[in-house]
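In: Based on what follows, work out the 3D shape:
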Amino acid sequence: MTLEILTPEKRLYSGDVYGVQLPGIDGKFEVLNRHAPIVSALGKGTVKVIKDKNTTSNFRIESGFIEVLNNKATVLVEGATEL
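Out: Numbers count the residues shown, from 1 in each chain. Just a heads-up that it's a prediction; the model follows:
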């Protein structure tokens, strides 16, 4: 799956990943390879990018949205910083 994490100022992440864990409005959820199409609001919390079994990256976000379509996840966020 291809993942992009974007802020109004810059692209924080772009690349192929195994999955991504996100802070949804009602709790955490995970998007994996070949996930069904979805658009969801995100709350304040940590986005965990799972590159493979042993490699992850974390980003702290204030709020945002995710769109998953055709095996590509696009995360649009405000106030993000890499942890």
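
In: List of residues touching the helix or strand bottoming out on mean pLDDT in the chain?
Out: Counting by mean pLDDT, DSSP states H and E, the chain has its least confident helix or strand at strand 81-82, which shows a mean of 86. Strand 81-82 is contacted by residues L12, S57, N58, F59, R60 when judged by C-beta atoms under 8 Å, 6 or more residues apart in numbering. Placement of C-beta: from N, CA and C, glycine included.

In: thought V47 was touching I61?
Out: Yes: using C-beta atoms under 8 Å, V47 makes contact with I61 at a distance of 5.7 Å.

In: what do these two both touch?
Out: Contacts common to V47 and I61, judged by C-beta under 8 Å, 6+ apart, are P23, V77, A80.

In: Just give me the least confident of the residues you listed.
Out: On pLDDT alone, A80 ranks lowest of the shared contacts of V47 and I61, at 84.

In: hmm, what's the outermost residue in the chain?
Out: N54 (17.8 Å; C-alpha atoms, centre = their mean).

In: where's S57, which helix or strand?
Out: Element membership of S57, judged by DSSP states H and E, is strand 55-61.

In: What are the buried residues along that strand?
Out: S57, F59, I61 (16 or more other C-beta atoms under 10 Å).

In: what sits up against it?
Out: Residues contacting strand 55-61 (C-beta under 8 Å, 6+ apart): 5, 12-13, 23, 42, 44-51, 77-83.

In: My read is that G43 contacts L22, right?
Out: No: using C-beta under 8 Å, G43 is not in contact with L22, being 9.1 Å away.

In: Please say which of these two ends up with more neighbours.
Out: Neighbours were counted for G43 and for L22 using other C-beta atoms under 10 Å; L22 has more, 24 against 15.

In: The helix or strand hosting the more buried one vs strand 55-61, what angle?
Out: Assigned by DSSP H and E, L22 belongs to strand 19-24. Strand 19-24 and strand 55-61 are oriented at 20 degrees to each other (axes from the mean of the first three to the mean of the last three C-alpha atoms, to 10 degrees).

In: and strand 19-24, what does it pack onto?
Out: strand 27-32, strand 38-42, strand 45-52, strand 72-78 (3 or more C-beta pairs under 8 Å, 6 or more residues apart in numbering; DSSP states H and E).
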